[in-house]
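Peer 1: Turn this into a model:
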Amino acid sequence: SRGLGDVYKRQLYPHEMSGGMLQRVAIVISLLHNPKLLVFDEATTALDVVTQGQILEEVVQMEKNIEMTRIMITHDMSVVASSCKKVAVMYAGELVEIGLVRDVLKNPLHPYTQALLSAIPRRDPSEPKTRIHLQGDVPSPANPPSGCPFHNRCPQCMGICKAVSYTHLT
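Peer 2: Numbers count the residues shown, from 1 in each chain. Take a look at the predicted model:
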């Protein structure tokens with residue numbers, strides 16, 4: 001397997017590199033000055049699963065070695081499950097749930113988190129699964145609804161949801 005160190009060993013132009021190699025180069029460059037905070041915005045989205053796993057494994061190890069904090073922005077819950085300790089779920093730019101990954105994935109409390117997790121395919125196709133289908137449209141960022149931004153699409157909406165957002169409760 002090729003790690004981040006392999007990027008140093010070869011002298012290639014960017015157009016001669018694969019997507020995985022380019023991603024490794026970007027990560028190596030970002031780590032050169034031992035940052036205290038590193039933000040990954042969909043950093044592994046376009047990579048195959050094997051390359052993604054290798055990069056995440058190496059980044060988690062580097063995080064421990066250089067005492068760095070990592071924030072990962074992703075839609076891929078498998079990335080969250082395999083490489084993060086805490087998760088914050090956002091909907092329409094608002095925080096709707098936060099907690100330890102194991103707790104949120106095992107017992108999601110917010111209806112949007114429940115819907116999001118219901119869309120993940122199961123490893124065992126015979127395992128029962130209830131897919132939560134959302135109705136309605138995503139709210140406009142220019143004119144967000146009051147309260148929880150998900151309340152217009154939420155099958156469990158209560159009066160308080162229209163008045164108070166999660167962000168105001170924390």
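
Peer 1: which parts of stretch 136-154 are buried?
Peer 2: For stretch 136-154, burial by neighbour count (16 or more other C-beta atoms under 10 Å) applies to Pro139, Pro145, Gly147, Cys148, Pro149, Phe150, His151, Asn152, Arg153, Cys154. Every residue, glycine included, has its C-beta placed from N, CA and C.

Peer 1: Oops, could you answer that again for stretch 77-90 instead?
Peer 2: Buried, per 16+ other C-beta under 10 Å, within stretch 77-90: Met77, Val79, Val80, Ser83, Cys84, Val87, Val89.

Peer 1: Max pairwise distance over those residues: which two?
Peer 2: Ser83 and Val89 (16.2 Å; C-beta to C-beta).

Peer 1: in this protein, what secondary structure element scores lowest on mean pLDDT?
Peer 2: Of the helices and strands making up the chain, the lowest-confidence element is helix 6-9, at a mean of 55, by mean pLDDT, DSSP states H and E.

Peer 1: Point out where this protein drops to low pLDDT.
Peer 2: 1-10, 167-170 (pLDDT under 70).

Peer 1: contacting residues for the nearest residue to Gly136 once chain neighbours are set aside?
Peer 2: Distances taken as C-beta to C-beta, 6 or more residues apart in numbering place Arg153 nearest to Gly136, at 4.3 Å, with adjacent residues excluded. Contacts for Arg153 (C-beta atoms under 8 Å, 6 or more residues apart in numbering) come out as Leu134, Gln135, Gly136, Asp137, Val138.

Peer 1: now the residues you listed in a markdown table, with distance to Glu42 and secondary structure?
Peer 2: Compiled in a markdown table, the contacts of Arg153 are given as follows (distance: C-beta to C-beta, whole Å; DSSP: H, G, I helix; E, B strand; the rest coil):
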| residue | distance to Glu42 | secondary structure |
| --- | --- | --- |
| Leu134 | 22 | coil |
| Gln135 | 27 | coil |
| Gly136 | 26 | coil |
| Asp137 | 23 | coil |
| Val138 | 18 | coil |
